[in-house]
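[1] I'd like to go over a predicted model; first the sequence, then the structure.
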Amino acid sequence: MKKLQPLKGLRVVSLCLNLPGPAALLRCRQMGATCVKLEPPAGDPMRHYQRSAYDDLHQGIRILSADLKTAAGQKTLHQALAKSDVLLTSFRPSALSKLGLDWKKLHKLYPALSQVAIVGAGGVRAEEPGHDLTYLAEHDLVTGLDLPATLYSDMGGSLLASEAVLQAVMHQQRHGKGIFLEVALSDAAAWLAAPRRWGLTQTKGAVGGAHAGYRVYPCKDGRVAVAALEPHFAAALCQAAGVAGSDMRSMLAPATQKAIAAFLLTQTRRQLDRLAQAQDIPLHTLSKQ
């Protein structure tokens, strides 16, 4: 399938370090933009603590070194800004002001340039310290003492930021001038948490463990993630397990869950993989934890 490149011919310059900003910049590159990143002389911290991730995130990105606290660094920055369409930042507002990059000043210098500013929390909270974990915790996405499986706020925020770049470009094309857009990682967490707020992923919710066809079960030599939510999938699962009844009421009954769990414990991962293929059941087997 041919990939669309809606940002082809456009130039994005980024000052972002670590994860959300570079991930957003990579998305822009994948959409066809010419992408330039300015790093401090010491480089992006991720380059030192997780080189493989850094390399993946910077494929096709031109990297320049610039100490923005010096005249030479400011010259490099403004040379890049003068020929760019969008500036991507991830500093607190106070830090941007110290660097001479507050929006009012920037817009006066480069009227056609847009800025997408990634912050931790939005509006009046933009100066607050925080990280992916705190934003997830704020929105009830941290359960127990285990860390979340991935950096949901950072990666979700990167998608919101690349979406904001598209919005900025559309605004420029319609109005002939740049726009300032703020993207908050806490807002990304709130968006991802919506199913939990709605009750869908709470323990009594259909995809929170209450539905017998949508759970992670132990099997004979590992685990199996079962996603037989729709009626025809639930019916196929129940038939395989020898369980009578596959309507919603039955699937929410503890007895159904118990019966399916007992059946799955008798099956190996290989047997379940074959069953899934033969009976068209959505499941994925996993090793033991």
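    Sure, I can see it. Numbers count the residues shown, from 1 in each chain.
[2] now the lengthiest helix in the chain: how far from the chain's centre is it?
    When the chain is parsed with DSSP state H, its longest helix is helix 152-175. Put simply, helix 152-175 sits 13 Å off its chain's centre (Cα atoms, centre = their mean, to the nearest Å).
[3] So what touches it?
    Applying Cβ atoms under 8 Å, 6 or more residues apart in numbering, the external contacts of helix 152-175 come out as 6-7, 10, 12, 19-21, 23-24, 27-28, 31, 33, 85-86, 88, 112, 114-116, 118, 132, 135-136, 141, 177-179, 181, 183-189, 191-192. (C-beta placed from N, C-alpha, C; glycine too.)
[4] And the contacts of the helix or strand just after that helix?
    Next helix or strand after helix 152-175 toward the C-terminus (DSSP states H and E): strand 180-184. Residues from elsewhere that reach strand 180-184 (Cβ under 8 Å, 6+ apart): 103, 107, 114-123, 126, 157, 160-161, 164, 167-168.
[5] Give me the mean pLDDT for the longest helix of the chain.
    The average pLDDT within helix 152-175 is 98.
[6] Could you give me the buried positions within that helix?
    152-162, 164-166, 168-169, 172 (16 or more other Cβ atoms under 10 Å).
[7] Now that we have the contacts of helix 152-175, which of them are buried?
    By 16+ other Cβ under 10 Å, the contacts of helix 152-175 give 7, 10, 12, 19-21, 23-24, 27-28, 31, 33, 85-86, 88, 114-116, 118, 132, 135-136, 141, 178-179, 181, 183-189, 192 as buried.
[8] can you give me the helices in the stretch 51-200 of the chain?
    51-57, 71-81, 93-98, 103-109, 132-138, 152-175, 185-192, 194-197 (DSSP state H, counting those that start in this stretch).
[9] can you tell which of those helices is closest to Ser250?
    helix 194-197 (23.5 Å; Cβ to Cβ).
[10] Tell me the buried residues in that closest one?
    Arg196.
[11] Let's see whichever helix or strand comes after that helix as CSV, backbone CA atoms only.
    Next in sequence after helix 194-197, counting helices and strands by DSSP H and E, comes strand 214-219. Taking Å, rounded to 0.1, in the frame of the first residue of the first chain, the C-alpha atoms of strand 214-219 are listed here in CSV:
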residue,chain,number,x,y,z
TYR,A,214,-12.2,-11.2,27.4
ARG,A,215,-9.5,-12.2,29.9
VAL,A,216,-6.0,-13.5,30.4
TYR,A,217,-6.1,-17.1,31.6
PRO,A,218,-3.4,-19.5,32.6
CYS,A,219,-3.0,-22.5,30.3
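[12] List the neighbouring strands of strand 214-219 plus their orientation.
    strand 222-227 (antiparallel) (DSSP bridges).
[13] hmm, who's touching the strand it pairs with?
    213-218, 233, 237, 260, 264, 267, 269, 272, 281-289.
[14] Which is the succeeding secondary structure element to it?
    Downstream of strand 222-227 (by DSSP H and E), the next one is helix 231-241.
[15] What count of nearby residues applies to the nearest residue to Tyr110 once chain neighbours are set aside?
    With Cβ to Cβ, 6 or more residues apart in numbering as the criterion, Tyr110 has its nearest non-adjacent residue at 5.7 Å, and that residue is Leu81. Using other Cβ atoms under 10 Å, the number of residues around Leu81 comes to 18.
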